[in-house]
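Chemist: My questions are about this predicted structure, shown below with the sequence.
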Amino acid sequence: MDLPSFPCDGGCACGAVRYRLLDDPLALHVCHCTECQTLTGTAFILSMPTRRTSLEVVQGDPILAVFETVSGITHRNRCCPDCGTRLWSESLTLPDFVTFRPGTLDDTSWLRPVAHIWTRSAQPWVEIPQGVLRYEKGADDYVDVVRAWKERVRP
């Protein structure tokens with residue numbers, strides 16, 4: 001798989017917030033947990049962790065939306081204040097990293113997830129491709145996911 005030339009641009013649905021991804025992301029995975037299904041209103045969410053220094057806001061001022069899910073997980077999301085598009089998540093435990101939503105990139109043609117997590121709650125009609133990592137629950141060690149990404153993009 002060929003990565004695009006960086007930087008790559010993206011933004012919210014209404015165009016009020018624009019960002020630039022400055023370097024290669026660390027990985028790309030799909031989460032099928034029921035909380036992600038509820039948050040997105042669909043079958044899964046795409047997550048692309050990257051270093052915070054690799055993400056630059058070039059237009060607008062995304063708001064911070066903090067909430068606790070039914071299971072007690074606190075989510076910190078940066079969203080467009082106008083249309084509400086979730087652009088990335090921030091972690092309190094890993095402050096040097098963000099997990100952005102790659103579906104908000106202008107060009108999504110190069111996106112190929114290397115892992116699927118929480119597959120035990122995947123919708124029965126979702127087909128998980130051969131050759132990707134699969135985890136019935138969350139990944140025990142995300143190092144394997146990062147390694148699989150690096151092997152795919154820089155063979």
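Modeler: In hand now; what should we look at? Residues are numbered from 1 along each chain as shown.

Chemist: pLDDT weak spots in the protein?
Modeler: Where the chain drops to pLDDT under 70, the residues are 1, 155.

Chemist: Please, where are all the strands along it?
Modeler: Assigned by DSSP state E, the chain shows strands spanning 8-11, 18-21, 29-31, 45-51, 55-59, 63-68, 74-79, 86-90, 97-100, 115-117, 133-134.

Chemist: tell me the contacts of the most centrally placed residue in the chain?
Modeler: The geometric centre of the chain, computed from its C-alpha atoms, lies nearest to S47 (Cα atoms, centre = their mean), at 1.8 Å. For S47, the contact set (Cβ atoms under 8 Å, 6 or more residues apart in numbering) comprises L28, H29, V30, C31, S89, T99, R101, P102. (Each C-beta comes from the backbone N, C-alpha and C, glycine too.)

Chemist: Report the beta-bridge partner residues of the nearest residue to it once chain neighbours are set aside.
Modeler: Among residues not flanking S47 along the chain, T99 sits closest, at 4.9 Å (Cβ to Cβ, 6 or more residues apart in numbering). Counting by DSSP bridges, T99 is bridged to P49, S89.

Chemist: Quick check: T99 vs V30, distance?
Modeler: Distance of T99 to V30, given as Cβ to Cβ, to the nearest Å: 13 Å.

Chemist: same deal with S54?
Modeler: 21 Å.
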